[in-house]
Structures are given as C-alpha cells and as structure tokens.
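Student: can you look at this prediction? I've put the sequence above it.
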Amino acid sequence: MLSGGHLIAILSSGLLVIVWMAFTVWIVRDARARGSAHPFLWAVCAPLGSILYYVFWWRRHHDRTGPRSRREYYAQVVAVAGIGGVAISAVVSPPDPITQLVVWPITFTCCLPVAYLLIDTGRPKAPNTA
C-alpha cells in the first residue's frame, strides 16, 4: 500500500512531466511562429540553460508571423506557473527535496491564476459576433 509521501511524490512527478510538456509545446510553437528554422532545437536547449537567452534576447528580436493559438497560450500559462511554483517552493520551504515536492503542487496551483492574468494581455480574443 502506498503511503502519503509516495502519493505526493507520484503527484509531483506527474506534475513535473505535465509542466515539462507544456514548456516544450510553448517553446516549439513560439519559435516556429517567430520564424526559427529549428524550433525543436530551442525546445531541447531552452530547459538546459538557454531559456534566458531565448526569452530575453531571441524572442525580442524576432517578431511573430501569426497570432498565438489557445493551445500555445495555455501551455505558456502552465509552464510559467510551473517555473514560478518551483521558485516559490524553493524559497518558502526548507532545503529538503521531499518537503519541496510536497509544497510544489500547492505553489503551482496558486501560481496558475497569477500566470493566467499576467499572460492574458497577449491571448487571442474571441471574435465579436454581436
């Protein structure tokens, strides 16, 4: 039988996979929309350390060729909330990996509405049919 700690570790691991997939979808779609010849290379390299280069330099020097899709928008929200949740859990919890695994799903959940509101400014709007 699984204990509470095991269930939380499984939940956190599953959440980590979901955030990683959302991050990858967002980077690939954004890089493709900005004319990158190798969007999958960006998705592989960005989590390995070049995310700051991608977000703060490359994206700013390459304009999008089309609007952001809903899938890309939601992937970006989940990715930003995941990164924010990890950062907050690292600050508010003791430097114990197990405790951080327990706190991270809570901080991720709290970061979702904040990320949604922060990223909402560029979200594609539904056409006005009135």
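Tutor: That came through fine. Numbers count the residues shown, from 1 in each chain.
Student: next SSE after the helix or strand of the chain with the lowest mean pLDDT?
Tutor: Of all helical and strand segments in the chain, the minimum by mean pLDDT, DSSP states H and E falls on helix 51-53, at a mean of 70. Next in sequence after helix 51-53, counting helices and strands by DSSP states H and E, comes helix 70-92.
Student: longest helix of the protein?
Tutor: In the chain, assigned by DSSP state H, the helix with the most residues is helix 4-33.
Student: and it, what's buried?
Tutor: Neighbour-count burial for helix 4-33, counted by 16 or more other Cβ atoms under 10 Å, picks out 8-9, 12, 15-16, 19, 22-33. C-beta here means a position set from N, CA and C on the backbone, and glycine is covered the same way.
Student: equivalent analysis for stretch 55-65, please.
Tutor: Trp58, Arg59.
Student: contacting residues around it?
Tutor: With contact meaning Cβ atoms under 8 Å, 6 or more residues apart in numbering, stretch 55-65 is reached by Asp30, Ala33, Arg34, Gly35, Ser36, Trp42.
Student: from those, which is closest to Ala115?
Tutor: The closest of the contacts of stretch 55-65 to Ala115 turns out to be Asp30 (Cβ to Cβ; 15.3 Å).
Student: the closest one against Arg71, yeah?
Tutor: No: when contacts are counted by Cβ atoms under 8 Å, Asp30 is not listed as touching Arg71 (11.6 Å).
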